[in-house]
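**Student:** Below are the sequence and a predicted model for it; my questions follow.
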Amino acid sequence: MIFDETDYQWAREVHARHSDLALYLQPGNTEVDPAMPVDLHALADRLRWLTDKAMADGWFAPRILPQLHVLIWGNKRGV
């Protein structure tokens, strides 16, 4: 999961060493309290940031995906 620029750069470095492997990136969900609702707009913004960042860098290797379980069940545990 990619939460910030540091995570993004780490993913790039790891992928450079293992470029033969498929790479999937997901923006991290910063709100993990099961009692709190998920901010869908914030998640969409994080997904857009990650996608825009990779495109601007010309890094087309990763498949960038949302965390579908968060979109479906929010922060619920055990699903």
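**Tutor:** Great, that's in hand.

**Student:** backbone phi and psi for the residue of the chain positioned farthest from its centre, please?
**Tutor:** No residue in the chain sits farther from the centre than Ala35, which is 21.9 Å out by Cα atoms, centre = their mean. Main-chain torsions, Ala35, degrees, to the nearest 10: phi -80, psi -10.

**Student:** and it, what does it touch?
**Tutor:** Contact analysis of Ala35 by Cβ atoms under 8 Å, 6 or more residues apart in numbering lists Asn75. Every C-beta, even on glycine, is put in place using the N, C-alpha and C of the backbone.

**Student:** can you tell me how far Leu47 sits from Ala35?
**Tutor:** 24 Å (Cβ to Cβ, to the nearest Å).

**Student:** Please read the previous query as pertaining to His18.
**Tutor:** The spacing between His18 and Ala35, counted by Cβ to Cβ, is 38 Å.

**Student:** likewise Arg63?
**Tutor:** Where Ala35 is concerned, Arg63 sits at a distance of 32 Å (Cβ to Cβ).

**Student:** can I assume Leu47 is in contact with Leu25?
**Tutor:** No - in this structure, Leu47 is not within contact of Leu25 by Cβ atoms under 8 Å, at 9.9 Å.
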